[in-house]
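>>> give me coordinates for this.
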Amino acid sequence: MEKRKGKASGYVSFFIVMFILCTFMYSKGEKSNTGNNIAPYNFSSINYDGLDENTLDLLSRELNVDINEDNKDEISLFNAIYKNSNLNDQQKNTFYGYYSVVEDIVNLDKNRAYDSFSRVSVKYAERDSKISSNVLGDYDYGSGTINIYGNDTDNNILLHEGVHCLFTNASNVSLPRAFQEGMTELITNEYYSNDPFYEGYTYPLEVSYVKMLCELVGTDKVLQAYVSGDYSLIYRDMDKYNNGSEMSNYKILDVYEDAFNNIDHLGDARYSNEDRKKAYNLIDDVYKKKYGGESKDFKYLHELSAAGFEEDATEFFSNYIFYYGVLEKAYISNHLKADFPNSNTVKFSERHFVLKK
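Here you go, the predicted structure:
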């Protein structure tokens, strides 16, 4: 549940940094999957707690949206933030920005999110000896506390941890770390970053990995696993194309998780290089059997996320981006999908920036 740095600037090697410095001043500027309208998981309407039309109207003004019969539940969810005395106005305004996330991801468990928003607090804390120097922030689901370590004037850390707060509940709190962090950062990037397609600062491998899973089993299924906590939705889909092989689909995904955790110094590697190579090849086989071939988007993400299997993940990742560019493809945000309806791989210096929300 934490926002990290460290892999940060390390994932852009020296020659890329120099390349950016030379091109940034004139490079900055402003395939869609189907919509995320799958059947809601364990969804029931918000408990309104006596929410009247005047309060709904007030919330709609805070959120800058018009009220209609279809969005009352979405608007009502933010009453939890409005009433939360633990938050100051700036923090509330930041969290109001999650409306577009709630509007798009309809399988969000809104009742549980309401409970989380009702009790969340933000603490700007000093990092003690138990907190690694590369941890920028974390969200403690048990206490409902977001801890921010260090400077966060642009609210990037708060936004990431707030997405954790929005989605984390008793059913999904134990999801595999890399999957959970990758999805959280992907959502944060697509909705709140002015550089939404390039993740080179905090969770580059994890974001590449979950994008690869979106290509493999579909974004809707990956989102449902993230929201519900049922990680088996992903590897059971893979079972249709890799049933009875020498490595189970659960183990294939665990090999990736293990590699990313090892890079983050969260434990010794449990799998050998031979296991990693086998997992890499088998996940490629699953894709080809399912779709009858290999797409350029899957190939790009399959190779990029495998940086975690390399001796020097930083160098491999940065070299890959430098030579092959940035894949511009939106997976979750409907607004971003509308602005970028076609996937495209562009040079690093020519990637598109968008107006930060």
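>>> distance check, the spatially closest residue to A225 that is not a sequence neighbour against A269.
In space, A225 comes closest to L233 once its chain neighbours are excluded; the distance is 4.5 Å by C-beta to C-beta, 6 or more residues apart in numbering. The way it works is simple: take the backbone N, C-alpha and C, and place the C-beta from them, glycine included. Separation of L233 from A269 (C-beta to C-beta, to the nearest Å): 26 Å.
>>> those two: who's more crowded?
Ranked by neighbour count (other C-beta atoms under 10 Å), L233 and A269 place L233 first, with 18 against 14.
>>> the more buried one in helix, strand or coil?
Recorded secondary structure, L233: helix (DSSP: H, G, I helix; E, B strand; the rest coil).
>>> wait, what's in contact with it?
V217, K221, Q224, A225 (C-beta atoms under 8 Å, 6 or more residues apart in numbering).
>>> the host helix or strand of V255 - what's its average pLDDT?
Following DSSP states H and E, one finds V255 within helix 249-263. The pLDDT scores in helix 249-263 average 97.
>>> what of stretch 80-88?
96.
>>> kindly format the C-alpha coordinates of that stretch as PDB.
What follows is stretch 80-88, C-alpha atoms only, in PDB (Å, rounded to 0.1, in the frame of the first residue of the first chain):
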ATOM      1  CA  ALA A  80     -18.400  10.700   3.000                       C
ATOM      2  CA  ILE A  81     -15.500  13.100   2.100                       C
ATOM      3  CA  TYR A  82     -17.600  16.200   2.600                       C
ATOM      4  CA  LYS A  83     -18.600  15.100   6.200                       C
ATOM      5  CA  ASN A  84     -15.100  13.800   7.100                       C
ATOM      6  CA  SER A  85     -13.700  16.100   9.800                       C
ATOM      7  CA  ASN A  86     -10.300  14.400   9.500                       C
ATOM      8  CA  LEU A  87      -9.700  16.100   6.200                       C
ATOM      9  CA  ASN A  88      -8.900  19.800   5.400                       C
END
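>>> ranges for the strands of the protein?
With strands called from DSSP state E, the chain shows them at 2-4, 121-125, 135-140, 145-149, 326-328, 344-346.
>>> pick the most buried one from these.
Of those, the one with the most neighbours on average (mean count of other C-beta atoms under 10 Å) is strand 2-4, at a mean of 25.
>>> number of residues surrounding the closest residue to V102 other than its chain neighbours?
If the residues on either side of it in the chain are set aside, V102 comes closest to E74, at 5.0 Å by C-beta to C-beta, 6+ apart. A count of neighbours around E74, defined by other C-beta under 10 Å, yields 22.
>>> who are the contact partners of E74?
Contacts of E74 by C-beta under 8 Å, 6+ apart are Y99, V102, E103, K110.
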